[in-house]
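Engineer: This is a predicted model, with the sequence first.
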Amino acid sequence: MAVVVLDDRDPTPIYAQLDRALRAAIASGRLAVGDQLPTVRQLAVELRVNANTVARVYSDLERAGVLETRRGVGTFVLATAPQARSVDEHQRRLRAFVTRVAADAAAQGFTLQEFARAMATLRKEGA
């Protein structure tokens, strides 16, 4: 059984699909804390993607505190993954929210500067 599955029809870049799929596998319990992931080469061959793409995702997830690479041993789901994932998920959702609000503001004819001033005013008013 594959650790993750990518969708060729999805317009999302492969590295983003792989990142999302690995995080989902961890969140759903398909990959548990301490589980060893396939090597970069193994996963690249299995998914038919460039090994550099897999290496980039593993590296990004390691920096995010989700994975741990032990030299000469392999890559593992890190014990602190839930905390790292929750912070990362929070930031992702916040960024998506801000993007939607900024797009709505632009659609209503407001500039980002006007929007930022209005947010600052709300903050000063304690809203």
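Structural biologist: Looks like it arrived, so ask away. Numbers count the residues shown, from 1 in each chain.

Engineer: Pretty sure residue 2 sits against residue 46.
Structural biologist: Yes. Residue 2 is in contact with residue 46 according to Cβ atoms under 8 Å; the separation is 6.2 Å. From N, CA and C alone the C-beta is placed, and that goes for glycine too.

Engineer: Show me how far stretch 105-118 is from its chain's centre.
Structural biologist: The chain centre lies 28 Å from the centre of stretch 105-118; the measure is Cα atoms, centre = their mean, to the nearest Å.

Engineer: That stretch: end-to-end distance?
Structural biologist: One end of stretch 105-118 sits 11 Å from the other (Cα to Cα, to the nearest Å).

Engineer: buried ones in that stretch?
Structural biologist: For stretch 105-118, a neighbour-count test (16 or more other Cβ atoms under 10 Å) marks 105, 115 as buried.

Engineer: Run through who's touching that stretch.
Structural biologist: Here stretch 105-118 makes contact (Cβ atoms under 8 Å, 6 or more residues apart in numbering) with 101-102.

Engineer: picking that back up, among residue 2 and residue 46, which residue is more densely surrounded?
Structural biologist: residue 46 (14 against 11; other Cβ atoms under 10 Å).

Engineer: Brilliant, that's me finished.
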